[in-house]
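A.B. asks: Here's my sequence, what's the structure:
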Amino acid sequence: MMGGKAIMGKVWQNPRADEKSKIVIGLCTFNRHGPLKEALDSLSRISLPPGVDVEFVLIDNDANGGAKYIFDAYVPEIPFLSHYFVEKNRGLANVRNRVLQEALALNATEIAMFDDDEIVSDTWLVELHKAFKQADADGAYGTVYRALPLHSPKILKKFWQGRKRLAENSIHMLGTNNCLFSVDLVRPGGKNIRFNEMFNFSGREDVVFFFDAQLKGATFCRAPEAIVIEKFSEERSTFKYLFRRWFEAGLSDVALVKYYKFGGITRTLKEVFFTIPFGFLIMPFSILCGFHRFLRIALGITSSFGWLCGLFGKTANYYLAHTD
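C.D. replies: Sure, this is the predicted structure:
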């Protein structure tokens, strides 16, 4: 096992074509000490793609370096060179951009990312890299399963199963919770994409990153066997959290529309003249079709109100004060 810190200020150089691949795994954290321990424990057991160099960077968004003792405790078990950095500028975009910065300094050819509340499977990196190479794509995205506490209502588990994938050849809503992509997406002289600081505290910064990449011609493939498990805390396994996230989804959608400058009028007309009035109209009768249908309509109305609030200037800044 090797452990250490990267040299600060190192200038990135484009790897030569005859050099083998080097994957830098990036993980960002902020005051999630319990989940972080499980994430690092799972990372210590992964298999590595044959003939590929691997290094790991943990970026702590706590200015006091609160995750350093956890890193120090687990780094002896991680079978590749590992590095710890503090990013004092708060925000999801800031901390993810620090991953890109350090990966460039380490002369990475690919960057892999997952979240600090996730557990990676033993073959996670192997499967991501294999799909990436076989498809000759610019990146690959894996499968995320969500694990709620055993006593959580079954209906909550249904709502957190995740969104359906979009059709092939369309723009995908990808995230950094399970991905690997070529460093050409971020290197100077390449597509030079960064996470947008406009979304530092609202979320969707990763969606925007991959949207921008695809709009610049990048292609991504699926790696269905590259599996991570996202563990929900007790605080997130509630109806209150579910409604809050749907409200904030509406707020974030407004930010996306303003950023890309399309679809705003159509979406507003839909929410004002269809979703909200029609939702309230059928809600009393929807309970006859089961609580699941009733809840889905209520959540749709909640998201619509989030959209309208976003139009009047409200922003989703939940990540500024919370860590769940």
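
A.B. asks: Can you list the low-confidence ranges for the chain?
C.D. replies: Within the chain, the stretches with pLDDT under 70 are 1-19, 161-172, 318, 321-324.

A.B. asks: Helices along that one, start to end?
C.D. replies: Using DSSP state H, the helices of the chain run over 33-43, 68-74, 92-105, 124-135, 154-159, 205-215, 239-260, 264-270, 276-286, 291-311.

A.B. asks: Show me which residues of the second one are buried.
C.D. replies: If I follow you right, that is helix 68-74. Within helix 68-74, the residues scored as buried using 16 or more other CB atoms under 10 Å are 70-71, 74. (C-beta placed from N, C-alpha, C; glycine too.)

A.B. asks: Same check on stretch 203-223?
C.D. replies: 203-214, 218, 220-223.

A.B. asks: Likewise for stretch 85-95?
C.D. replies: Residues of stretch 85-95 classed as buried by neighbour count (16+ other CB under 10 Å): 85-87, 91-95.

A.B. asks: now stretch 310-318
C.D. replies: Applying 16+ other CB under 10 Å to stretch 310-318 flags 310-311, 315-316, 318 as buried.

A.B. asks: Could you pull up the contacting residues of residue 225?
C.D. replies: Residues near residue 225 by CB atoms under 8 Å, 6 or more residues apart in numbering: 123, 127, 142-143.

A.B. asks: hang on, the earlier thing: now, the most widely separated pair of the buried residues of stretch 310-318?
C.D. replies: Farthest pair in those (CB to CB) is 311 and 318. Separation: 18.6 Å.

A.B. asks: Give the burial count for the nearest residue to residue 275 once chain neighbours are set aside, as a bare number.
C.D. replies: Closest residue to residue 275 apart from its sequence neighbours, by CB to CB, 6 or more residues apart in numbering: residue 304 at 4.6 Å. Residue neighbour count, defined by other CB atoms under 10 Å, stands at 23 for residue 304.

A.B. asks: Next, count neighbours for the closest residue to residue 187 other than its chain neighbours.
C.D. replies: Leaving aside its chain neighbours, residue 187 sits nearest to residue 104 (6.3 Å; criterion: CB to CB, 6+ apart). Neighbourhood size, residue 104 [other CB under 10 Å]: 20.

A.B. asks: circling back to that earlier point, can you tell which of the helices of the chain is closest to residue 21?
C.D. replies: Taking CB to CB, helix 124-135 is the member of the helices of the chain nearest to residue 21, at 7.5 Å.

A.B. asks: Can you list the buried residues in that closest one?
C.D. replies: 124-132.

A.B. asks: Also stretch 179-190?
C.D. replies: 179-187.

A.B. asks: got the end-to-end distance for it?
C.D. replies: By CA to CA, to the nearest Å, the extent of stretch 179-190 from end to end equals 19 Å.

A.B. asks: How far does the top strand by length along the chain sit from its chain's centre?
C.D. replies: Longest among the strand segments of the chain by residue count, using DSSP state E, is strand 220-231. Here the centre of strand 220-231 is set off from its chain's centre by 12 Å, with CA atoms, centre = their mean, to the nearest Å.

A.B. asks: Parallel or antiparallel, list what pairs with it.
C.D. replies: strand 118-120 (antiparallel), strand 139-147 (parallel) (DSSP bridges).
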